[in-house]
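A.B. asks: any chance you can model this:
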Amino acid sequence: MSVTPFPTVHKDAKAVAQAENWEALNALYPAALEALRERLATCNDMAAVKLIVELCAPKQRAVALNDISPAGIREAIRTGRLSPNEGAAVAAAVKSCADIETLDALALRIEAIERAIGAA
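C.D. replies: Next up, the predicted model:
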């Protein structure tokens with residue numbers, strides 16, 4: 001008897017599928033809230049409230065920031081737009097992106113140096 005392994009899914013294809021799933025779930029959110037309102041109005045069912053909130057409420061909130069510089073992040077924390085933990089998460093994400101950009105730039109410079117050395 002032969003065993004067929006699960007099909008290999010390309011990493012990017014998996015990310016696209018996950019993004020599509022999240023979009024589909026987000027589209028259901030208004031209907032879930034309406035069902036919650038209806039269930040509360042007709043039955044005062046607190047178990048329904050707990051279930052829907054646990055399943056539908058985002059674990060983290062989305063916040064739009066116009067300025068993701070260190071000063072902008074500090075200002076968002078100071079004014080209460082971001083909590084200190086959220087500010088730390090945003091700062092870490094921005095730093096990671098900057099590190100990746102720096103590494104990409106260094107890789108390009110190394111390639112250029114290697115080409116110059118190879119041409120000489």
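A.B. asks: can you list the low-confidence ranges for the chain?
C.D. replies: Applying pLDDT under 70 to the chain flags residues 1-11, 56, 58.
A.B. asks: try it again with 50
C.D. replies: Regions of the chain meeting the criterion pLDDT under 50 cover residues 1-7.
A.B. asks: mind checking the longest helix of it?
C.D. replies: In terms of residue count, the longest helix belonging to the chain (DSSP state H) is helix 84-119.
A.B. asks: so what does that helix touch, helix or strand wise?
C.D. replies: Helix 84-119 sits against helix 70-78, with contacts defined as 3 or more C-beta pairs under 8 Å, 6 or more residues apart in numbering; DSSP states H and E. C-beta here means a position set from N, CA and C on the backbone, and glycine is covered the same way.
A.B. asks: in the helix it packs on, which of the residues would be classed as buried?
C.D. replies: By 16 or more other C-beta atoms under 10 Å, the buried positions in helix 70-78 come out as Ile73, Ala76, Ile77.
A.B. asks: between those residues, which is closest to Glu111?
C.D. replies: Using C-beta to C-beta, Ile73 is the member of the buried residues of helix 70-78 that sits closest to Glu111, with 33.3 Å.
A.B. asks: so that closest one touches Val63, yeah?
C.D. replies: No - Ile73 lies out of contact with Val63 (C-beta atoms under 8 Å); the separation is 10.8 Å.
A.B. asks: can you list residues touching both of those two?
C.D. replies: Residues touching both Ile73 and Val63 (C-beta atoms under 8 Å, 6 or more residues apart in numbering) are Leu82.
A.B. asks: assign Ala62 to helix, strand or coil.
C.D. replies: coil (DSSP: H, G, I helix; E, B strand; the rest coil).
A.B. asks: in the helix or strand harbouring Asn21, what's buried?
C.D. replies: According to DSSP states H and E, Asn21 maps onto helix 11-43. Buried residues in helix 11-43, counted by 16+ other C-beta under 10 Å: Ala32, Leu36, Arg39.
A.B. asks: adding distance to Arg81, write those residues out as CSV.
C.D. replies: Listed next are the buried residues of helix 11-43 as CSV, based on distance: C-beta to C-beta, whole Å:
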residue, distance to Arg81
Ala32, 27
Leu36, 28
Arg39, 33
